[in-house]
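> kindly generate the corresponding structure for this input.
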Amino acid sequence: MGRVEVAAAVILRDAGRFLLAQRPAGKVYAGYWEFPGGKVEHGESAANALARELHEELGIDVEHAYPWITRDYDYEHAAVRLRFFRVTRWRGEPHGRENQRFAWQSACQLTVAPLLPANGPILRALKLPVLYGISNVANLGEDDFMRRLERALQHGMHLMQLREPQLPGDSLLKLAARVVKLAHDYGARVVINGSVEVAGLSGADGVHLTSAQLMRAEARPAFDLVGASCHDAAELARAAAIGADFAVLGPVLPTPSHPGMPGMGWENFAALLEDYPLPVYALGGTRKENLETAWRAGAHGISMLRGAW
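Numbers count the residues shown, from 1 in each chain. Here you go, the predicted structure:
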């Protein structure tokens with residue numbers, strides 16, 4: 001028996017708040033809260049189903065909806081495949097056309113319960129910002145980088161990766177301690193590339209696995225936040241299998257650090273993310289101006305090295 005295809009909307013408005021709707025009486029899981037949406041009809045695309053369901057349920061007309069992540073879940077009554085879209089623009093004011101309640105929520109402070117059990121990973125993914133910075137001490141020098149990091153934090157950077165493979169262990173640990181303290185002062189999170197030991201000793205929020213580490217990993221590292229570098233379908237599959245929180249996929253475009261390499265391009269990037277269950281950052285030649293292009297290709301956001309600073 002095949003899975004029931006469902007299109008689900010993460011309707012986003014100011015400050016990252018999103019809309020949850022309560023399932024009405026008479027439906028399975030009545031009273032539970034969920035992301036609005038519904039079944040994809042035979043011969044209908046998920047995007048068209050999303051637009052139809054949101055018009056029927058909430059009286060809004062979708063203008064901008066971006067494919068995001070796809071999650072399979074087995075309920076007692078049905079096995080479903082949930083295709084989530086992020087909806088950033090629409091016409092009309094949402095209202096319950098089926099007499100259902102709804103509420104604007106924040107992933108960090110939910111005020112409604114209970115939620116459908118399939119939505120736990122979605123709430124976790126919504127805590128990830130759309131921009132993911134990668135350190136560049138090798139080119140900038142430590143003092144200049146720290147100044148630029150503080151400026152970026154002041155302007156809203158919430159997640160960064162400390163990646164400085166040229167530094168020996170002791171030097172990396174000292175730098176990590178400085179970076180983590182500064183980032184935490186601004187409420188941002190830091191993951192350490194390639195070193196579980198430095199991540200633990202520095203008080204970082206997590207670790208970012210290199211592609212080689214990822215393919216050797218037998219289980220998820222014991223950190224709150226785990227990222228993974230990926231370049232192909234096999235590495236993406238491994239990141240999902242160990243339960244990483246997010247992946248970084250690239251290079252998408254040509255980069256100064258890899259002269260002569262064309263990158264996979266947005267079409268191949270989008271093909272790799274089809275039906276993928278984790279949020280993914282696009283990496284390689286990306287700048288803030290590429291964010292909407294990345295969203296259209298199914299990315300959660302973009303990861304930048306030079307452009308972040």
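> just give the closest residue to Ala15, not the sequence neighbours.
Sequence neighbours aside, Ser106 is the residue nearest to Ala15 in space, at 7.5 Å (criterion: Cβ to Cβ, 6 or more residues apart in numbering). (Each C-beta comes from the backbone N, C-alpha and C, glycine too.)
> cool, and Ala294?
Nearest one to Ala294, counting by Cβ to Cβ, 6+ apart, is Ala282 at 4.4 Å.
> and that neighbour, what element?
Assigning secondary structure by DSSP states H and E places Ala282 in strand 280-283.
> pairing partners for that strand, with directions?
Using DSSP bridges, the strands paired with strand 280-283 are strand 246-249 (parallel), strand 301-304 (parallel).
> among those, which is nearest Asn290?
strand 301-304 (5.9 Å; Cβ to Cβ).
> which residues touch that closest one?
128-134, 161, 248, 250, 279, 281-283, 286-288, 290-291, 294-295 (Cβ atoms under 8 Å, 6 or more residues apart in numbering).
> any quick ChimeraX command for the buried ones out of those residues?
The ChimeraX command for the buried members of those (criterion: 16 or more other Cβ atoms under 10 Å) is given here:
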select :128,129,130,131,132,133,134,161,248,250,279,281,282,283,286,290,291,294,295
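> restricted to helices, list the contacts of strand 301-304.
291, 294-295 (DSSP state H).
> possible to save the strands paired with strand 280-283 as CSV with mean pLDDT and distance to Arg86?
Listed next are the strands paired with strand 280-283 as CSV, based on pLDDT from 0 to 100; distance: least, Cβ to Cβ, whole Å:
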stretch, mean pLDDT, distance to Arg86
strand 246-249, 98, 15
strand 301-304, 98, 10
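> and these as JSON lines, adding distance to Tyr75?
As requested, the strands paired with strand 280-283 are exported to JSON lines (distance: least, Cβ to Cβ, whole Å):
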{"stretch": "strand 246-249", "distance to Tyr75": "26"}
{"stretch": "strand 301-304", "distance to Tyr75": "30"}
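> which of these has the highest mean neighbour count?
strand 246-249 (a mean of 26; mean count of other Cβ atoms under 10 Å).
> what is the nearest of the ones in helices among the contacts of strand 301-304 to Gly206?
Ala294 (22.2 Å).
> residues contacting the closest one?
Contacts of Ala294 by Cβ under 8 Å, 6+ apart are 252, 266, 282, 286, 301-302.
> repeat for Lys39
So Lys39 contacts 4-7, 49 (Cβ under 8 Å, 6+ apart).
> ok, and the closest non-adjacent residue to the residue nearest to the spatial centre of the chain?
Closest to where the C-alpha atoms of the chain average out (Cα atoms, centre = their mean) is Pro279, at 3.4 Å. In space, and not counting its chain neighbours, Pro279 is closest to His300: 3.5 Å by Cβ to Cβ, 6+ apart.
> residue contacts, the one you found?
Contacts of His300 (Cβ under 8 Å, 6+ apart): 68-69, 125, 128, 130, 246, 279-281.
> what's the spacing between Arg296 and Ile11?
Arg296 sits 18 Å away from Ile11, going by Cβ to Cβ, to the nearest Å.
> again, but for Arg178
39 Å.
> who's more crowded, those two?
Between Arg178 and Ile11, counting by other Cβ atoms under 10 Å, Ile11 is the more crowded of the two (26 against 15).
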